[in-house]
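Peer 1: fold the following.
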Amino acid sequence: MMRLLLIAALVLSAMPALAAYKCEAGGKTAYGDAPCAGGKAIDISDPASPSEASNIRLQTAQENRKVKQLENARHKREAIDEREQRHVARAYAAKKHKCASLAQRRDWSHEDAAKAVGKAAIKARLRARRADQKFQLECAA
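Peer 2: Predicted structure coming up:
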């Protein structure tokens, strides 16, 4: 079975490609496997003259250089954007950590104010109020 498939593949690959013809008549286009009646053959193997081919190669090389320049510029922009995103993420994490620390200090100062008595209570309430203000100043949305 495998041998039969291999032979069939070799026979099919050895067959010449089938030609397709395009015929235009009366504003209509038709495709077929035979040439058009009264049609003329066009050689499409080398459509450009040597000077046109060198111009095309030169233009292609220029376009390739332009593409490389654009790609390099894009890579640089992406690297800058990535660095900026990392910077913003670090700043956000630092602010989040600082706000958590201030919230904890605020909570502790309120606990201390609740437990304090006498003159110490007045000082503890003042510290709690200042902790609230500091938290609001740094972390208010």
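Peer 1: can you tell me which helix in this structure is longest?
Peer 2: Taking DSSP state H as the criterion, the chain has its longest helix at helix 50-115.
Peer 1: what mean pLDDT does that helix have?
Peer 2: In this model, helix 50-115 has a mean pLDDT of 94.
Peer 1: can you name the next helix or strand after that helix?
Peer 2: Toward the C-terminal end, the helix or strand that comes next after helix 50-115 (DSSP states H and E) is helix 119-139.
Peer 1: now that next one - C-alpha only, CSV.
Peer 2: Extracted in CSV, the C-alpha atoms of helix 119-139 (Å, rounded to 0.1, in the frame of the first residue of the first chain):
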residue,chain,number,x,y,z
LYS,A,119,-3.1,63.9,79.4
ALA,A,120,-1.7,61.0,77.4
ALA,A,121,-5.2,60.6,75.8
ILE,A,122,-5.0,64.2,74.4
LYS,A,123,-1.6,63.6,72.9
ALA,A,124,-2.7,60.2,71.5
ARG,A,125,-5.8,61.7,69.9
LEU,A,126,-3.6,64.4,68.3
ARG,A,127,-1.3,61.8,67.0
ALA,A,128,-4.3,59.8,65.6
ARG,A,129,-5.7,62.9,63.9
ARG,A,130,-2.2,63.7,62.3
ALA,A,131,-1.9,60.0,61.2
ASP,A,132,-5.4,60.4,59.5
GLN,A,133,-4.3,63.6,57.8
LYS,A,134,-1.1,62.1,56.6
PHE,A,135,-2.9,59.1,55.3
GLN,A,136,-5.5,61.3,53.5
LEU,A,137,-2.7,63.5,52.0
GLU,A,138,-0.7,60.6,50.7
CYS,A,139,-3.3,58.0,49.8
